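Novice: Here is a sequence together with a model predicted from it:
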Amino acid sequence: MSSQSLHFFTPSSTACPNITFPKPSLPAPNRRLAFASSPRTFSIRAVSESSDPNPAPPPVVVADNGAGSRVVAAADSSSIEVDKVTEAELKENGFRSSRRTKLVCTIGPATCGSEQLEALAVGGMNVARINMCHGTREWHKRVIERVRRLNEVKGYAVAIMMDTEGSEIHMGDLGGAPSAKAEDGEVWTFSVRAYDANRPERTITVNYDGFAEDVKVGDELLVDGGMVRFEVIEKIGPDVKCMCTDPGLLLPRANLTFWRDGSLVRERNAMLPTISSKDWLDIDFGIAESVDFIAVSFVKSAEVINHLKSYIAARSRDNSDISVIAKIESIDSLKNLEEIIQASDGAMVARGDLGAQIPLEQVPAAQQRIVQVCRQLNKPVIVASQLLESMIEYPTPTRAEVADVSEAVRQRSDALMLSGESAMGQFPDKALTVLRSVSVRIEKWWRDGKHHEAMELPAVGSSFSDRISEEICTSAAKMANNLEVDALFVYTKTGHMASLLSRCRPDCPIFAFTTSTSVRRRLNLQWGLIPFRLGFSDDMESNLNRTFSLLKARGMIKSGDLVIAVSDMLQSIQVMNVP
Ligand SMILES: Nc1ncnc2c1ncn2[C@@H]1O[C@H](COP(=O)(O)OP(=O)(O)O)[C@@H](O)[C@H]1O
Ligand SMILES: C=C(OP(=O)(O)O)C(=O)O
Ligand SMILES: [K+]
Ligand SMILES: [Mg+2]
């Protein structure tokens, strides 16, 4: 017989006068009472036969000072921490209408000041992304400091994502100019030469030394996946002369691809390492700054992810684990999709570069597949690039952009990302508002219409205990929908049980209680999770009672609310009304 079995617990006669429970026909030693103190309590538990029958010690409150050391304090109403913006949203709109889709904003010159960062936090930014393609480390360090300070002083919980540059081919900066216009028929020189101040007119530097050798006369050169196009007309040593065939605006450090006979050319540049030497220095910087996520550009295989994860594990301070997000933006990453996602802690559908590597009309199907694989493998997924591109310049989005955002929300991706819209656009706050309101609207439409999808969620855990956790979460999410409960509660040390609940995309929000600040920040990226930091014990009854009183004191729940609770210390499902 296996060491764990699923038990129905008979509540005491006072527990639930209206519901009768099946009498368990289990051997007496395994029968244990669910706590009977709260009315309508009903509990299903998988109990290890060897588990300790003695009650756990009372809970302590653990404060994490952010530097890894822990301080034990007495319980009071301030001993539960939640993001201030989410708290206000919950109180104002109720559980049902709280936003489930998370929002990531790229921080650039338009949003790097404290006031602008705070406006984004108030607008619902869950994660701030810094793109190491642009700016200096000192610049990014200041942004990180400002975000951290806002979190500390103002009670936000914005996580930080650092995005690597990667070693794909791109243009240099334009000698300080914000952009340059390429007109039809003009001849421009793309060169690997390093210029000092006197760069000739219509000359663009390229970061990859093998550029002139890789291209051939007649190749098509695409800037930013086709925003501007050139044809290679002549090669003179390190200089490649190109004629503009599709005019447009050249932006600093724009990505370059070249195409021959309708296919992307991958010559020696395909051998460039995914993580360049500059990227490794940026990664050291990210570890030193304890960023929450590192997004890796142009991932080709699972190997590089595994390598980076062990590099981080060997260097980061304990208690501040960093999640590795694989950016899916190349043909190779699509080929090795399942194994890359399996190795990563999450993925990004990086449609900007992906659309430069595969025909544009294939990008929507790729997005659908990436989102599906991530959800099946229980990894958070971000849909990125050009969601609201026109809002870089205009205060309202196009109808097509709103439809695109809706589609990503309808696919139940974990998060949506702003790039240029928030980094250098004129209307970062308005763009964030559009993401927020479209998310809330589509999520409501989906819940009200009971559009529960039939996505198969395969077993992801390998151990029997993990399988039990998965079954518990799947069942709890289903019960939550059928019983129309107000919230799911999950007590989780590592965040894993919370992500398993999130994966089921239930109708109600998921309150995820965790003891560590860094786990709490990382849960910010996942669909439907409202992360709280709270010290708790293995005694679920006392955890629940304490949580109820802390949340009631803050006006976040009220007597009578129906809650389903699960935990990763004690594998159980409990259904109860808040006393
Ligand atoms: N740290 C920064 N400093 C200056 N400009 C930035 C910064 N981050 C982003 N930008 C600007 O915002 C644009 C959009 O950001 P993003 O999509 O992250 O980069 P990219 O366009 O290189 O893929 C960039 O092209 C750049 O012009
Ligand atoms: C998000 C992307 O990456 P980056 O902005 O770093 O090019 C993308 O290519 O869509
Ligand atoms: K990048
Ligand atoms: Mg990219």
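Specialist: Arrived safely. Ligands and ions are numbered 1, 2, ... in the order given.
Novice: Ligand 3 contacts on the protein?
Specialist: 131, 133, 163, 297 (Cβ under 5 Å from the ion). Just so you know, the C-beta spots here come from the backbone N, C-alpha and C atoms, and that holds for glycine as well.
Novice: who wins for neighbours among the residues you listed?
Specialist: Each of those was scored for neighbours by other Cβ atoms under 10 Å, and D163 scores highest at 26 neighbours.
Novice: which phi and psi does it have?
Specialist: Main-chain torsions, D163, degrees, to the nearest 10: phi -110, psi 130.
Novice: got a list of what the nearest residue to it once chain neighbours are set aside touches?
Specialist: Among residues not flanking D163 along the chain, A295 sits closest, at 4.3 Å (Cβ to Cβ, 6 or more residues apart in numbering). Residues near A295 by Cβ atoms under 8 Å, 6 or more residues apart in numbering: 129, 161-164, 325-327, 348.
Novice: Can you select the buried ones among the residues you listed for me in PyMOL?
Specialist: Per 16 or more other Cβ atoms under 10 Å, the buried members of the contacts of A295 correspond to this PyMOL selection:
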select buried, resi 129+161+162+163+164+325+326+327+348
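Novice: for the residue nearest to D163, helix, strand, or coil?
Specialist: Three-state assignment for A295 (DSSP: H, G, I helix; E, B strand; the rest coil): strand.
Novice: just C374 next, same as before
Specialist: Using three-state DSSP, the structure places C374 in helix.
Novice: so where's the stretch 201-350 of the chain shaky on pLDDT?
Specialist: Scanning the stretch 201-350 of the chain with the threshold set as pLDDT under 70 gives 318-320.
Novice: any idea which helix or strand carries the residue nearest to R202 when sequence neighbours are not counted?
Specialist: Closest residue to R202 apart from its sequence neighbours, by Cβ to Cβ, 6+ apart: W188 at 4.7 Å. Per DSSP states H and E: W188 is located in strand 187-191.
Novice: what pairs with that strand, and is each one parallel or antiparallel?
Specialist: strand 203-205 (parallel), strand 239-246 (antiparallel) (DSSP bridges).
Novice: Could you measure from the residue nearest to R202 over to M125?
Specialist: To M125, W188 is 38 Å away according to Cβ to Cβ, to the nearest Å.
Novice: Likewise for E471?
Specialist: In this view, E471 and M125 are 35 Å apart by Cβ to Cβ.
Novice: out of those two, which sits in the busier spot?
Specialist: For E471 versus M125, neighbours defined as other Cβ under 10 Å are more numerous around M125 (31 against 17).
Novice: The residue in the stretch 451-579 of the chain positioned nearest to ligand 3: neighbour count?
Specialist: Nearest to ligand 3 in the stretch 451-579 of the chain, going by Cβ to the ion, is L525, at a distance of 17.2 Å. For L525, the number of neighbouring residues by other Cβ under 10 Å comes to 28.
Novice: For the closest residue to ligand 4 within the chain, give me its contacts.
Specialist: Proximity to ligand 4, evaluated over the chain using Cβ to the ion, is greatest for D353 at 3.6 Å. Going by Cβ under 8 Å, 6+ apart, D353 touches 168, 225, 255, 297-298, 327, 329-330.
Novice: Looking at the residues you listed, spot the one nearest L500.
Specialist: Nearest to L500 out of the contacts of D353 is K327 (Cβ to Cβ; 24.4 Å).
Novice: and that closest one, that one's in a strand?
Specialist: Yes. The assignment for K327 by three-state DSSP puts it in a strand.
Novice: For it, give the beta-bridge partners.
Specialist: M348.
Novice: Now do stretch 334-346: distance from first to last residue.
Specialist: Chord length of stretch 334-346, first to last residue, is 15 Å (Cα to Cα, to the nearest Å).
Novice: What are the contacting residues of it?
Specialist: By Cβ under 8 Å, 6+ apart, stretch 334-346 touches 293, 299-302, 305-306, 309, 323-326, 328, 333, 347, 358, 366, 369-370, 373-374, 377, 379-382, 414, 525.
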